[in-house]
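Student: I'd like to go over a predicted model; first the sequence, then the structure.
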Amino acid sequence: QKEVEQDPGPLSVPEGAIVSLNCTYSNSAFQYFMWYRQYSRKGPELLMYTYSSGNKEDGRFTAQVDKSSKYISLFIRDSQPSDSATYLCAPISYIPTFGRGTSLIVHP
Amino acid sequence: NAGVTQTPKFQVLKTGQSMTLQCAQDMNHNSMYWYRQDPGMGLRLIYYSASEGTTDKGEVPNGYNVSRLNKREFSLRLESAAPSQTSVYFCASSEVDNSPLHFGNGTRLTVT
């Protein structure tokens, strides 16, 4: 079992929808998490990171950590076609281990 | 500020050839990493360097060597390339270990 699991998708939604992207993790020692967005043929781009449990908001993006269930989420409000990409999660750790990513398609 | 720069962007090798992938960062970061990304496998750590002068193996180090040339530069060498090393290679850096990573745009390597 990988330390971080993500459903690869693809997740297809209409423009304007609220998107929920999720990761589960196995190591309860993980405290803090990063979210990346990766466009096709590009490197992962750091989207958000959180050093605390609960919610962190940045514009249309909200990251949520639920340590009791080892579940982290990224919500995208008012999704746009430009949000179409693969989203990766990872714990902030000495040796970062990434999930396989979830492919998101936002269609006009 | 260029961030993390990788060269070359593309490379085609024949089996058995050698090459070095170059990575440089201009953010004064202490830690640097090499990952490979394959379809369905996600990002897998090859080697990392927590600080200048140190390197350690990651999840998939076989067939690779690394050099932390100085604080800015971290290179990845394939001594005898194999088709199984066909992949996209990403270099990343972080201010210190246990801090967020910043990635380059990758080197797309094909070994025939």
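Tutor: Nice, I can see it.
Student: need the residues of chain B near chain A, please.
Tutor: Residues of chain B lying close to chain A (Cβ under 8 Å from any Cβ of the partner chain) are B:4, B:33, B:35, B:40-43, B:45, B:48, B:50, B:58-59, B:90, B:97-106. All C-beta spots, glycine's among them, are computed from the backbone N, C-alpha and C.
Student: how about the strands in chain A?
Tutor: Residue ranges of the strands in chain A, as given by DSSP state E, are A:4-5, A:11-14, A:19-25, A:33-38, A:45-50, A:54-58, A:61-66, A:71-76, A:85-91, A:102-107.
Student: chain center to the first one, what's the gap?
Tutor: This points to strand A:4-5. Centre-to-centre, strand A:4-5 and its host chain are 11 Å apart (Cα atoms, centre = their mean, to the nearest Å).
Student: can you check the last one too?
Tutor: Mean C-alpha position of strand A:102-107 versus that of the full chain (Cα atoms, centre = their mean) differs by 12 Å.
Student: does chain B sit close to that strand?
Tutor: No: Strand A:102-107 is not in contact with chain B by Cβ under 8 Å from any Cβ; minimum separation 10.8 Å.
Student: That strand pairs with which strands?
Tutor: strand A:11-14 (parallel), strand A:85-91 (antiparallel) (DSSP bridges).
Student: mind checking the backbone torsions on B:Pro83?
Tutor: Backbone torsions for B:Pro83, taken as degrees, to the nearest 10, come to phi -50, psi -30.
Student: To what extent is it buried, counted in neighbours?
Tutor: Using other Cβ atoms under 10 Å in any protein chain shown, the number of residues around B:Pro83 comes to 10.
Student: how about it, what does it touch?
Tutor: By Cβ atoms under 8 Å, 6 or more residues apart in numbering or on different chains, the contact set of B:Pro83 is B:15, B:111-112.
Student: again, but for A:Tyr39
Tutor: A:45, A:85.
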